[in-house]
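Undergrad: Next come a sequence and a model predicted from it.
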Amino acid sequence: MTRGVTATRLAVVDAPRTAIFSGDGVARETARAVDWSKTPVGAPESWPVSLVTTLRMLMSSRHPMFLWWGPELIQFYNDAYLPSFGRGKHPAAMGQRGADCWQEIWPIIYPQIVDVLERGKASWNENQLVPIQRNGRIEEVYWTYGYSPVFDESDAIRGVLVVCTETTAGVLAVRRLGFIRELASALNDAENFEDIANITARCFAQAALDMPYSVINMEGGPAIGVGLAGTESPALLPPCRACPGPSASPERWCIASTAGLRERSRSGSARGFPSTLPTGAFCSKSWNRSRSPRAASRSASNAAAYSSKRPSRPH
């Protein structure tokens with residue numbers, strides 16, 4: 001038994017480092033194209049056995065995996081992780097510093113990384129909201145994931161292994177079905193058109209993550225009551241007449257599209273509507289300011305200090 005273990009270990013040590021990323025797959029191909037000698041981790045020939053072994057496991061897995069390595073938290077990931085990037089981060093993320101790649105969420109994830117690097121404390125999160133920049137905007141993204149320490153040959157923590165699954169579709173489906181159920185239940189108390197409008201507006205305002213704003217058009221009586229949910233006062237606005245749509249009379253409020261409503265509200269031609277409309281939590285400037293590159297830079301400067309301590313395996 002001992003001979004078998006020794007022989008396996010020697011085989012790993014003696015294997016050409018250039019073969020680490022051999023084989024098929026987009027992630028392997030991307031990694032082969034990186035000039036690792038120009039990154040903080042150096043050329044593959046100098047990599048420790050612990051990094052080589054971890055990368056072979058990661059690249060061979062069909063479960064989404066991601067690795068940060070060294071004081072600069074240089075990144076590696078496998079094919080299964082690619083869909084999580086969407087458009088915008090891959091392929092530049094391969095070999096990139098973590099703080100440079102994940103500026104928008106660094107204040108969220110960096111404390112967890114520090115727990116792993118400093119204290120060897122693994123983490124586990126289920127259906128956790130961690131919005132990321134992808135496909136040209138901040139997206140509401142949910143994950144079930146864990147961070148684990150990766151040790152080198154001297155028993156020091158050198159990296160953080162991320163094993164994760166994106167659960168966005170499931171979380172959103174449950175939340176939206178719940179909204180429909182709550183709306184139907186609340187409308188049971190409505191006694192007239194105005195009750196319907198006000199109850200609907202209040203329910204919509206509580207569902208701002210899915211509907212940043214919504215227009216409620218109640219047709220009846222001498223004028224049209226139009227409500228805008230998602231504002232500070234999600235109730236009926238004063239009755240108004242607005243520019244008719246393609247098939248509407250001047251007495252009707254007709255909205256052909258969200259873009260049309262937004263344009264009319266900006267121009268001020270829709271009397272009673274605010275000049276700007278809610279854009280949603282994940283499109284707001286406040287989100288970007290609170291997670292600015294400056295904040296990420298401060299976290300990045302702290303990374304070297306934490307990593308230089310090179311904590312050993314906790315006993």
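TA: Yes, it's here.
Undergrad: And the strands in the stretch 51-200 of the chain?
TA: 65-69, 74-77, 123-129, 132-134, 137-139, 142-151, 157-166 (DSSP state E, counting those that start in this stretch).
Undergrad: which of those strands has the lowest average pLDDT?
TA: Comparing mean pLDDT across the strands of the stretch 51-200 of the chain, the lowest value falls on strand 137-139: a mean of 90.
Undergrad: who does it touch, helix- and strand-wise?
TA: Of the remaining helices and strands, those touching strand 137-139 by 3 or more CB pairs under 8 Å, 6 or more residues apart in numbering; DSSP states H and E are strand 132-134. C-beta: built from backbone N, CA, C; applies to glycine.
Undergrad: for the strand it packs on, packing partners?
TA: With contacts defined as 3+ CB pairs under 8 Å, 6+ apart, the packing partners of strand 132-134 are strand 137-139.
Undergrad: Please name the strands paired to the strand it packs on in the sheet, noting orientation.
TA: Strand 137-139 pairs in its sheet with strand 132-134 (antiparallel), by DSSP bridges.
Undergrad: which residues sit against the partner strand?
TA: Defining contact as CB atoms under 8 Å, 6 or more residues apart in numbering, one finds that strand 132-134 is touched by 85-89, 102-105, 138-139, 141.
Undergrad: same check, this time on stretch 145-162
TA: When contacts are taken as CB under 8 Å, 6+ apart, the neighbours of stretch 145-162 outside the stretch itself are 48-51, 54, 58, 65-70, 73, 112-113, 115-117, 120, 122-125, 128, 163-165, 310-313.
Undergrad: hmm, try it at 6 Å
TA: Residues outside stretch 145-162 that contact it (CB atoms under 6 Å, 6 or more residues apart in numbering) are 48, 50, 54, 66-69, 112-113, 116-117, 120, 122-125, 163-164, 310-313.
Undergrad: swap in stretch 71-82?
TA: 25-27, 39-41, 55, 58-59, 61-67, 93, 96-98, 303-304, 307.
Undergrad: again, only using 7 Å
TA: Contacting residues not belonging to stretch 71-82 are listed as 25-27, 31, 39-41, 55, 58-59, 61-69, 90, 93-99, 101, 113, 303-304, 307-308 [CB atoms under 7 Å, 6 or more residues apart in numbering].
Undergrad: Just the buried residues out of the residues you listed, in PyMOL syntax.
TA: Selection of buried members from these for PyMOL, criterion 16 or more other CB atoms under 10 Å:
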select buried, resi 27+31+39+41+55+58+59+64+65+66+67+68+69+90+93+94+95+96+97+98+99+101+113+303+307
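Undergrad: Mind jotting down where the helices sit in the chain?
TA: 2-14, 26-33, 49-60, 82-85, 98-101, 106-119, 168-186, 193-205, 258-267, 285-290, 293-308 (DSSP state H).
Undergrad: do you know how far Ile109 is from Thr167?
TA: In this structure, Ile109 and Thr167 are separated by 16 Å, where distance is defined by CB to CB, to the nearest Å.
Undergrad: One more: Thr200?
TA: When distances are taken as CB to CB, Thr200 and Thr167 turn out to be 29 Å apart.
Undergrad: quick one: which of those two has more around it?
TA: For Thr200 against Thr167, the residue with the higher neighbour count under other CB atoms under 10 Å is Thr200, and the figures read 20 against 16.
Undergrad: what residues go with each domain of the chain?
TA: For the chain, automatic domain parsing gives the domain ranges 2-166, 171-267.
Undergrad: So which of these is the most surrounded?
TA: Mean neighbour counts were compared across those using mean count of other CB atoms under 10 Å; the top stretch is domain 2-166, at a mean of 17.
Undergrad: rewinding a little: please identify which of the domains of the chain is closest to Phe282.
TA: Comparing those by their distance to Phe282 (CB to CB), the top pick is domain 2-166, with 4.4 Å.
Undergrad: Could you check how far Cys203 is from Glu191?
TA: Cys203 is 16 Å from Glu191, by CB to CB.
Undergrad: Please apply the same query to Tyr145.
TA: From Tyr145 over to Glu191 (counting by CB to CB), the distance is 48 Å.
Undergrad: same check, this time on Pro107
TA: Counting by CB to CB, the separation of Pro107 from Glu191 is 48 Å.
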